[in-house]
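1. task: produce atomic coordinates for the following.
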Amino acid sequence: METTRPQQRRWERYQVKIRTKITLNTNGETLCFYGEASDVSQGGLRLFMPRDLEPGIIVLMEFSLPYNSRVMAIRGLVRNRGGFSYGVEFMNPTAYQRDTITQLCKTLQLLQ
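-> Numbering: from 1, shown residues only. Below is the predicted model:
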């Protein structure tokens with residue numbers, strides 16, 4: 001009998017709550033709405049938004065990370081969902097975005 005191990009995460013997640021503007025293009029129409037990001041890691045985040053999206057959708061997220069006032073605009077790929085809560089992987093972040101997210105994760109790790 002084969003047992004399966006729980007999948008190990010690549011990055012540690014950190015609890016934050018970040019108001020997030022979400023933009024997506026669907027059927028030639030651009031839709032904008034707001035949600036809340038949480039569970040930030042170096043590779044992505046958890047996003048709560050009151051819309052029905054399927055995994056595989058690409059969204060543009062705009063938010064300000066804690067301890068940084070600059071607005072970040074980053075694309076994300078919806079990987080999974082549970083209700084209106086979505087796991088989103090960052091897509092092609094810039095060097096600045098990667099460094100900023102990494103620094104936030106290091107700061108949050110120290111505060112735990």
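
2. from the contact counts, what lies against the top strand by length along the chain?
-> Under DSSP state E, the strand in the chain containing the largest number of residues is strand 71-82. Other elements packing on strand 71-82 under the criterion 3 or more Cβ pairs under 8 Å, 6 or more residues apart in numbering; DSSP states H and E are strand 44-48, strand 58-64, strand 85-91, helix 95-111. Placement of C-beta: from N, CA and C, glycine included.

3. make TSV from these and add mean pLDDT, mean neighbour count and distance to Glu36 to it.
-> Listed next are these as TSV, based on pLDDT from 0 to 100; neighbours: other Cβ atoms under 10 Å; distance: least, Cβ to Cβ, whole Å:
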stretch	mean pLDDT	mean neighbour count	distance to Glu36
strand 44-48	96	21	5
strand 58-64	96	17	9
strand 85-91	96	19	10
helix 95-111	92	13	16
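
4. who wins for proximity to Leu24 among the ones you listed?
-> strand 58-64 (4.8 Å; Cβ to Cβ).

5. what angle separates that closest one from strand 85-91?
-> 90 degrees (axes from the mean of the first three to the mean of the last three Cα atoms, to 10 degrees).

6. strand 58-64: partners in the sheet, and parallel or antiparallel?
-> Applying DSSP bridges, strand 58-64 is found paired with strand 18-26 (antiparallel), strand 71-82 (antiparallel).
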